[in-house]
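Undergrad: fold the following, please.
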Amino acid sequence: MQGSDLTPWLQRLKEGDKEAFRYVYDLTVDNVYRTVALLVSGRQDIEDIMNEIYLKLWLSLPNYDSSRPFRNWLHGITIRQVQDWRRKKWRKFRLFERQKLLEIEPEHPRTDRVIMLNETSREMLDILNHLSYKLRIVVVLRYYHEYSMNEISELLEIPMGTVKSRHHQALKELRKHSILLDHEEGGDCFVH
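TA: Numbering: from 1, shown residues only. This next block holds a predicted model:
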């Protein structure tokens with residue numbers, strides 16, 4: 001999903017070309033879906049968020065700055081939509097009886113197994129789901145999408161120190177759950 005490959009398609013999309021939308025969608029949907037599935041439990045929630053992401057892409061494309069990487073811009077939309085969904089869900093949670101919502105919520109997150117098994121072992125997904133959302137999103141962006149700490153800071157719109165702190169705390173939590181981490185001088189990476 002590189003912006004330079006998409007430049008002519010993005011221009012056509014800005015002009016309202018539905019074929020260009022289909023092309024951009026087909027090229028990006030698997031990557032975006034995996035990101036959402038790593039951050040959200042519940043298949044219906046994932047599908048709802050996916051719809052919102054691509055609607056937002058369509059509506060926001062006129063504001064896209066082609067001098068910036070499209071990948072980062074799309075991941076920014078993805079993260080903001082997940083965060084909006086989390087805020088909405090929290091409001092619902094507070095409005096309705098806690099017990100009813102807790103009974104509806106599955107105990108273990110369910111995701112599209114075919115896609116998830118290709119990218120992440122079930123064990124890793126379970127351990128990731130033990131992390132708080134704030135820690136999990138840093139881990140997903142750092143290790144799954146291979147963003148630098150600076151890029152994560154920009155995407156999440158939080159200070160660099162906060163990113164580093166969350167990254168450190170996430171690694172500490174993952175170590176508690178017996179995940180093997182290979183901490184190389186050039187960067188961190190998961191080893192399974």
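
Undergrad: could you use CA atoms for every contact and neighbour count after this?
TA: Noted.

Undergrad: which element, helix or strand, includes the spatially most central residue of the chain?
TA: Taking CA atoms, centre = their mean, the centroid of the chain lies closest to T35, which sits 3.6 Å from it. Applying DSSP states H and E as the criterion places T35 in helix 18-39.

Undergrad: what's S67 sitting at in phi/psi?
TA: Backbone torsions of S67, given as degrees, to the nearest 10, read phi -80, psi -10.

Undergrad: now do whichever helix or strand comes after the helix holding T35: distance to the chain's middle.
TA: Next helix or strand after helix 18-39 toward the C-terminus (DSSP H and E): helix 43-60. Distance of helix 43-60 from its chain centroid, counting by CA atoms, centre = their mean, to the nearest Å, is 12 Å.

Undergrad: helix 43-60 - contacts with which helices or strands?
TA: Applying 3 or more CA pairs under 8 Å, 6 or more residues apart in numbering; DSSP states H and E, one finds that helix 43-60 contacts helix 18-39, helix 70-95.

Undergrad: D45: which of those helices is closest?
TA: Closest approach to D45 among the helices and strands packed on helix 43-60 (CA to CA): helix 70-95, 8.4 Å.

Undergrad: which secondary element of the protein has the worst mean pLDDT?
TA: Of all helical and strand segments in the chain, the minimum by mean pLDDT, DSSP states H and E falls on strand 181-184, at a mean of 40.

Undergrad: for D5, give its distance to R71.
TA: Applying CA to CA, to the nearest Å, the value for D5 to R71 is 11 Å.

Undergrad: those two: which is more packed in?
TA: Legend: neighbour count by other CA atoms under 10 Å for D5 and R71, higher for R71 (14 against 10).

Undergrad: might you list the low-confidence residue ranges for this protein?
TA: Residues of the chain meeting the criterion pLDDT under 70: 1-4, 90-124, 178-192.

Undergrad: residue contacts, V139?
TA: Counting by CA atoms under 8 Å, 6 or more residues apart in numbering, V139 touches H167, A170.
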